[in-house]
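Chemist: Take a look and give me a structure for this.
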Amino acid sequence: MYHPRKNNIIFKFFSWYIQFIIDKDFAAFKYDEVAIKPNASVLILANHFSWWDGFFIFYINKKFFKKKFHVLVNAENYSKVGFLKYLGAFAAENSGKDILETLNYAGKLLDDADNLVLVFPQGKLYSNHLKSINFQKGVMQMINASQKQLNIVFAATFVDYFSKRKASAYTYLQNWENEEYTSLQLLKSAYNKHYDNSVVKQAQITE
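Modeler: Residues are numbered from 1 along each chain as shown. Below is the predicted model of the structure:
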């Protein structure tokens with residue numbers, strides 16, 4: 001598998017740069033603040049519709065969660081976008097056993113309370129106008145590989161322009177109180193309930 005790399009200079013530069021381009025390219029970026037268990041890691045499950053998605057969550061982590069950021073990406077993006085590895089990106093290099101190794105690695109990351117792991121359960125990019133979000137089964141492998149002492153946070157992000165030349169982005173967060181036994185179907189259902197509620201809130205915004 002492809003592991004994250006450490007380089008403090010590159011990390012600090014792109015940490016600054018991500019905040020800079022979000023502030024520059026968007027009229028506003030707003031997000032919720034949610035209560036979490038302080039002595040536990042954070043697993044963020046988010047919809048995936050744009051190039052910006054990982055940067056939005058990176059920004060939120062920098063400003064609010066303040067954990068060590070990690071994100072599961074595909075091998076193509078890990079190789080093509082060279083700086084991602086220095087921001088905590090990791091990926092499966094091949095199919096089969098390597099995918100299992102990567103998911104187990106993510107589970108071990110979640111055993112460290114200082115860590116945040118971002119996962120896009122859809123597995124690839126889809127429109128921002130989907131009615132529901134599908135989950136790949138690897139999400140549960142990751143959770144089951146951990147000691148399950150974690151915060152599971154749902155993130156739903158939407159973008160609208162309204163009357164401005166630049167878009168505004170909104171990320172709705174929910175800390176899901178996971179049950180002792182969690183199935184993929186239960187997780188997917190709970191996320192989509194949050195997603196539906198977020199769509200309603202987004203539709204109520206006016207300018």
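Chemist: only C-alpha atoms for contact and neighbour calcs from this point on.
Modeler: Will do.
Chemist: Output the lowest mean pLDDT helix or strand found in the chain.
Modeler: Ranked by mean pLDDT, DSSP states H and E, the weakest helix or strand in the chain is helix 75-80, scoring a mean of 90.
Chemist: got the buried residues for that one?
Modeler: Using 16 or more other Cα atoms under 10 Å as the test for burial, helix 75-80 gives residue 78.
Chemist: quick one: strands adjacent to the helix or strand following it?
Modeler: For helix 75-80, the following helix or strand on the C-terminal side (DSSP states H and E) is strand 89-90. Strand 89-90 sits in its sheet next to strand 68-72 (parallel), going by DSSP bridges.
Chemist: which other residues reach the strand it pairs with?
Modeler: Applying Cα atoms under 8 Å, 6 or more residues apart in numbering, the contact partners of strand 68-72 are 54, 58, 61, 87-91, 114-120.
Chemist: Among those, the buried ones, what's the PyMOL command?
Modeler: Applying 16+ other Cα under 10 Å to the contacts of strand 68-72 leaves a buried subset, and the PyMOL line that selects it is:
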select buried, resi 54+58+61+87+88+89+90+91+114+115+116+117+118+119+120
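Chemist: re earlier: for the least confident helix or strand of the chain, the distance to its chain's centre please.
Modeler: 17 Å (Cα atoms, centre = their mean, to the nearest Å).
Chemist: which parts of the strand of greatest length in the chain are buried?
Modeler: Across the chain, the strand with the greatest residue count (assigned by DSSP state E) is strand 150-160. Going by neighbour count (16+ other Cα under 10 Å), the buried part of strand 150-160 is 150, 151, 152, 153, 154, 155, 156, 157, 158, 159.
Chemist: What is the nearest of these to residue 182?
Modeler: For the buried residues of strand 150-160, the minimum distance to residue 182 (Cα to Cα) is 11.3 Å, reached by residue 152.
Chemist: Next up, the contacts around the closest one.
Modeler: So residue 152 contacts 42, 43, 44, 45, 175, 176, 177, 178 (Cα under 8 Å, 6+ apart).
Chemist: if we can go back for a sec, for the least confident helix or strand of the chain, which outside residues touch it?
Modeler: Against helix 75-80 from outside (Cα under 8 Å, 6+ apart): 2, 84, 85, 89, 90, 91, 92, 93.
Chemist: Among those, which one lies nearest to residue 195?
Modeler: Nearest to residue 195 out of those is residue 89 (Cα to Cα; 25.0 Å).
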